[in-house]
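**Q** Following is a predicted model, sequence given first.
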Amino acid sequence: MTPRLIALVAIMGLGGLGAACGTPKSEPAPQPFPQPTAPLPAAPIADASAAASSPLAGHDQVLTAIVADWTTTTAELRLWKRTSALAGETWELELGPWPGVVGATGLAWGIGLHGTGAPPGAAGPVKREGDRKAPAGVFGVRELYGYGHPKPAAAPLRYTEVDARWKCVDDPASRHYARIVDRSAVTVDWKSAEDMRRPDELYRWVVDVAHNPGHAPGAGSCIFLHVWRDATSPTVGCTAMAEDRLATLIDSLGAAAVVVQLPAAEYAALVGPWGLPPLPTTGR
């Protein structure tokens, strides 16, 4: 972790804060994730035809968040980079693994680079506003928000420092739905929005995940990577982790990175078709 991002995080209760992300007031007990039995080697990417049609095509960095099943609230995260060698392109592990938490009711297929909902031949729930599920699929990253000081100068993502004017709109009836806006610069037409400047440290650093990029009403909004309350508290739809882990990730996460978030079985089935990094070898 770089010195500029070192901060003591005072994690506080949520009270009546917005419901698009953050941490729910009551949480199910987290499920342990099997730990890897050995370091992951570099793995060759799928054949060229599969790679060309993959939602990862053109992206050289992938953050994977794998959960045990659709209702699990804990995830294992890794950051991968694409490298070229004589034998072809491979995925190499850049950071991780480290633990994270997801939605209080697990995952559901979202809208992203993989398309809308489940890919052909796949099943599973579909994300809706207020379902307390984190989105499953492949998603780009947009930019970094927060109220951390000083500005993370080396972070590849563009950084916007927020104050009380900044909101993420979660009202499907608003023209600003699923957008982060400065309320002083737009016409307020929403009945519900999430505060981007919270009274606690959960949004000290926020990576905006490009879920529902077309802003389809009711399909889910305000999906972030942010600081967790603790390792036992899931969110209302985001993916959260310890502050030091997030800070390290921010230092490495580029604008062309994607987030791949899936249950283990679905991930395993898509390793070949999507050219994903290798599924971890796990053991109890």
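**A** Nice, thanks for sending it over.
**Q** Does residue 204 touch residue 227 like I think?
**A** Yes: between residue 204 and residue 227 a contact is recorded at 5.8 Å, counting by CB atoms under 8 Å. (Each C-beta comes from the backbone N, C-alpha and C, glycine too.)
**Q** If you count surrounding residues, which of those two has more?
**A** Comparing residue 204 with residue 227 by other CB atoms under 10 Å, the one with more neighbours is residue 227, at 25 against 20.
**Q** any idea how far the more buried one lies from residue 112?
**A** 23 Å (CB to CB, to the nearest Å).
**Q** Same check on residue 93?
**A** 23 Å.
**Q** And residue 84, by the same measure?
**A** 26 Å.
**Q** Among the two, which residue is more densely surrounded?
**A** residue 112 (24 against 10).
**Q** I'd like the distance between the more buried one and residue 143.
**A** Counting by CB to CB - residue 112 and residue 143 are separated by 16 Å.
**Q** Also residue 166?
**A** Distance from residue 166 to residue 143, counting by CB to CB: 12 Å.
**Q** More neighbours: which of the two?
**A** Under the neighbour definition other CB under 10 Å, residue 166 and residue 143 were set side by side, and residue 166 has more, 22 against 15.
**Q** Can you tell me the SS state at residue 184?
**A** Here residue 184 is recorded as helix under DSSP: H, G, I helix; E, B strand; the rest coil.
**Q** Does it touch residue 167 like I think?
**A** No: counting by CB under 8 Å, residue 184 stays clear of residue 167, with 10.3 Å between them.
**Q** more crowded one of those two?
**A** The neighbour count for residue 184 versus residue 167, taken as other CB under 10 Å, is higher for residue 167 (24 against 10).
**Q** In terms of helices and strands, where is that one?
**A** Assigned by DSSP states H and E, residue 167 belongs to strand 166-169.
**Q** for that strand, packing partners?
**A** The helices and strands touching strand 166-169, judged by 3 or more CB pairs under 8 Å, 6 or more residues apart in numbering; DSSP states H and E, are strand 180-182, strand 193-195.
**Q** ok, it: who's next to it in the sheet?
**A** strand 180-182 (antiparallel), strand 193-195 (antiparallel) (DSSP bridges).
**Q** hey, which of those strands is tucked in deepest?
**A** Across the strands paired with strand 166-169, averaging neighbours per residue (mean count of other CB atoms under 10 Å) puts strand 193-195 on top, at a mean of 21.
**Q** what about the protein, any weak spots by pLDDT?
**A** Along the chain, the parts satisfying pLDDT under 70 run over 1-20, 22-52, 85-88, 151-152, 281-284.
**Q** quick one: the helices in it?
**A** 48-52, 243-252, 264-274 (DSSP state H).
**Q** give me phi/psi at the closest residue to residue 220 other than its chain neighbours?
**A** Counting by CB to CB, 6 or more residues apart in numbering, the nearest residue to residue 220 once its immediate chain neighbours are dropped is residue 127, at 4.5 Å. The phi/psi pair for residue 127 (degrees, to the nearest 10) reads phi -70, psi 140.
**Q** ok, residue 127 touching residue 218?
**A** No: Residue 127 lies out of contact with residue 218 (CB under 8 Å); the separation is 9.7 Å.
**Q** More neighbours: which of these two?
**A** residue 127 (25 against 14).
**Q** roughly how far apart are the more buried one and residue 109?
**A** Relative to residue 109, and taking CB to CB, residue 127 is found at 6 Å.
**Q** Quickly list what's touching both of these two.
**A** 135-136 (CB atoms under 8 Å, 6 or more residues apart in numbering).
**Q** OK, contacts around the residue nearest to residue 215 when sequence neighbours are not counted?
**A** Distances taken as CB to CB, 6+ apart place residue 178 nearest to residue 215, at 4.5 Å, with adjacent residues excluded. Shown in contact with residue 178 (CB under 8 Å, 6+ apart): 169-170, 212, 215-216, 219-222.
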